[in-house]
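*Asks:* What follows is a predicted structure for the sequence shown.
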Amino acid sequence: MSPLDEAPYVIDPAGGCPHALNARLRARGAVAEVVLPGGVPGAIVLGHEALKEFLAHPDAAKDPRHFPGLHDGTIPADWPLRVFANAQGMHTADGADHRRLRSLVGNAFTARQVERLRPRVEELTDTLLDDLGRAADASPDGVADLLTHFALPLPMGVICELLGVDPEHRGRLHRLSHTVIVSTDSTPAQKLAAVRELVELMGTIAATRRRDPGDDLTSALIAARDGDGDRLSEAELIGTLRLVLVAGHETTLNLISNAVRALCTHRDQLALVLSGKVGWSEVVDETLRWDSPVSWFPFRYPARDLSIEGTVIPRGTPVLAGYTAAGRDASFHGADADRFDVTRPGAARHLAFGHGAHYCVGAPLARLEAGVALERLFARFPGLDLAVPEADLARQRSFIGNGVEALPVRLSRE
């Protein structure tokens with residue numbers, strides 16, 4: 001795929017801030033050849049138009065049967081990134097199978113259904129802001145971690161209530177899902193142990209709802225599985241629950257924290273929003289474009305050799321979707337694409353939620369949660385600021401997730 005004088009980029013499993021690297025790779029072209037952890041050859045699509053074309057291409061498959069290396073002995077059984085292919089659900093299905101699985105989940109995430117959740121999201125947001133304030137007051141230096149007290153428990157609480165997950169499981173679920181999906185520098189043994197524990201825990205949650213059904217998504221999925229209509233296998237049920245859980249909180253956690261970081265380091269943009277000149281929905285979209293919650297997401301596999309903007313991606317290549325790269329593609333977003341600008345026209349045309357048949361089914365919920373969270377956070381603490389320089393914040397050890405490990409802030413009502 002790459003010119004002879006350009007060696008494939010060897011991905012660092014520890015990840016880090018992706019933007020400088022994205023710029024260097026984009027300079028090579030809209031598609032770059034990479035070496036995945038474990039020495040597995042792959043590719044990443046970096047340009048906005050190229051990624052939009054690739055995500056919607058009928059021959060860019062999600063079904064891992066199109067990745068021969070997984071099945072012919074080329075790739076070892078303990079390859080850490082196998083987790084993205086082994087789970088059964090709508091994220092690893094194509095065509096009619098994908099439509100069947102998506103339809104069982106999609107009804108819970110329509111704009112109308114999500115809007116019904118607004119009062120609960122607002123209530124939980126206010127409760128967590130109380131907790132955040134108490135944490136800062138109890139700290140000797142007045143500093144509290146926004147992730148621990150607000151950005152994580154808000155989406156985690158909402159998605160667990162939607163799924164009917166008991167509060168006792170939430171901390172463990174986050175730890176396991178983070179190890180399995182987000183943390184790309186975990187060892188194969190750590191990854192395998194976390195996968196087994198997560199699947200077991202999801203099975204326990206499903207068993208609880210099977211014994212005691214409620215008005216929740218897990219009970220609805222079980223009913224669909226056990227009824228006479230569309231059926232979910234046990235593996236599909238567990239895979240779907242895992243997908244909804246992880247996508248329903250990890251990405252929104254990063255969206256909220258990335259928006260707070262952006263606004264705190266661009267006080268002029270924050271002033272525009274607080275003055276009412278710009279809405280919070282514009283902040284959400286510009287954050288999704290400028291600092292997408294997901295950086296390079298696995299995998300799609302060409303069912304045949306595909307030419308994307310003049311670069312041929314061979315059949316069976318595992319391909320990463322470069323969301324953070326596409327968000328700052330100057331050829332689409334303009335010469336100032338690296339600038340955070342909440343007044344930017346067309347920011348909503350970002351690809352952070354994907355494109356095509358696999359467009360994120362939870363996008364309306366993520367938008368609602370982030371908009372409510374940011375509006376109420378800065379209404380209560382308009383002088384909120386980072387407690388350490390932004391450059392000193394520890395990044396997630398991941399090339400998939402794009403966020404920070406902690407977000408210490410100082411609160412101010414002025």
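*Replies:* Cool, the structure landed.
*Asks:* Would you confirm that R26 contacts I44?
*Replies:* No. In terms of Cβ atoms under 8 Å, R26 does not count as a neighbour of I44; the distance is 10.1 Å. In this view, the C-beta of every residue, glycine as well, is placed from N, C-alpha and C.
*Asks:* how far does stretch 276-283 stretch from start to finish?
*Replies:* Distance between the boundary residues of stretch 276-283 (Cα to Cα, to the nearest Å) amounts to 12 Å.
*Asks:* From the chain's centroid, how far away is stretch 88-104?
*Replies:* 19 Å (Cα atoms, centre = their mean, to the nearest Å).
*Asks:* what mean pLDDT does it have?
*Replies:* What stretch 88-104 shows for mean pLDDT is 91.
*Asks:* Run through who's touching that stretch.
*Replies:* Contact with stretch 88-104 is made by 61-64, 84-85, 105, 220-221, 224, 230, 232-233, 235-236, 238-240, 242-243, 357-358, 361, as judged by Cβ atoms under 8 Å, 6 or more residues apart in numbering.
*Asks:* from those, which would you call buried?
*Replies:* 61-64, 84-85, 105, 220-221, 224, 232, 236, 238-240, 242-243, 358, 361 (16 or more other Cβ atoms under 10 Å).
*Asks:* Which ones among these map onto strands?
*Replies:* A61 (DSSP state E).
*Asks:* out of the buried ones among the contacts of stretch 88-104, which are inside helices?
*Replies:* If you go by DSSP state H, those have F84, A85, V105, A220, L221, A224, E236, I238, G239, T240, R242, L243 in helices.
*Asks:* Show me the shaky parts of the stretch 201-350 of the chain.
*Replies:* In the predicted model, the stretch 201-350 of the chain carries pLDDT under 70 at residues 225-230.
*Asks:* Break down it into its strands, ranges please.
*Replies:* Along the stretch 201-350 of the chain, counting by DSSP state E, counting those that start in this stretch, strands occupy 296-302, 306-308, 311-313, 319-322.
*Asks:* could you dump the ones you listed to TSV with distance to G401?
*Replies:* Listed next are the strands of the stretch 201-350 of the chain as TSV, based on distance: least, Cβ to Cβ, whole Å:
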stretch	distance to G401
strand 296-302	9
strand 306-308	25
strand 311-313	24
strand 319-322	13
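*Asks:* I'd like the ones in helices among the buried ones among the contacts of stretch 88-104 as CSV, with distance to G279 appended.
*Replies:* Below are these laid out as CSV (distance: Cβ to Cβ, whole Å):
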residue, distance to G279
F84, 35
A85, 40
V105, 29
A220, 33
L221, 35
A224, 37
E236, 39
I238, 39
G239, 37
T240, 34
R242, 34
L243, 30
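*Asks:* what's the most distant pair in those residues?
*Replies:* A85 and A220 (26.6 Å; Cβ to Cβ).
*Asks:* Can you mark which positions in stretch 254-267 are buried?
*Replies:* Neighbour count says stretch 254-267 has N254, L255, I256, S257, N258, A259, V260, R261, A262, L263, C264, H266 buried, by 16+ other Cβ under 10 Å.
*Asks:* for stretch 75-93, same thing?
*Replies:* Quick answer for stretch 75-93 (16+ other Cβ under 10 Å): 75, 79-85, 87-93.
*Asks:* Pull it out as CSV, backbone CA atoms only.
*Replies:* C-alpha atoms of stretch 75-93 as CSV (Å, rounded to 0.1, in the frame of the first residue of the first chain):
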residue,chain,number,x,y,z
ILE,A,75,-2.1,-14.9,14.3
PRO,A,76,-1.7,-16.6,17.7
ALA,A,77,-4.7,-17.4,19.8
ASP,A,78,-3.7,-15.0,22.5
TRP,A,79,-3.4,-12.0,20.2
PRO,A,80,-4.8,-9.2,22.4
LEU,A,81,-6.8,-7.6,19.6
ARG,A,82,-8.7,-10.8,18.9
VAL,A,83,-11.3,-9.4,21.4
PHE,A,84,-12.6,-7.1,18.7
ALA,A,85,-13.3,-10.0,16.4
ASN,A,86,-14.4,-12.8,18.8
ALA,A,87,-17.4,-11.1,20.3
GLN,A,88,-20.7,-11.8,18.6
GLY,A,89,-23.0,-8.9,18.0
MET,A,90,-24.1,-6.2,15.6
HIS,A,91,-20.5,-4.8,15.6
THR,A,92,-19.1,-8.0,14.1
ALA,A,93,-22.0,-8.7,11.7
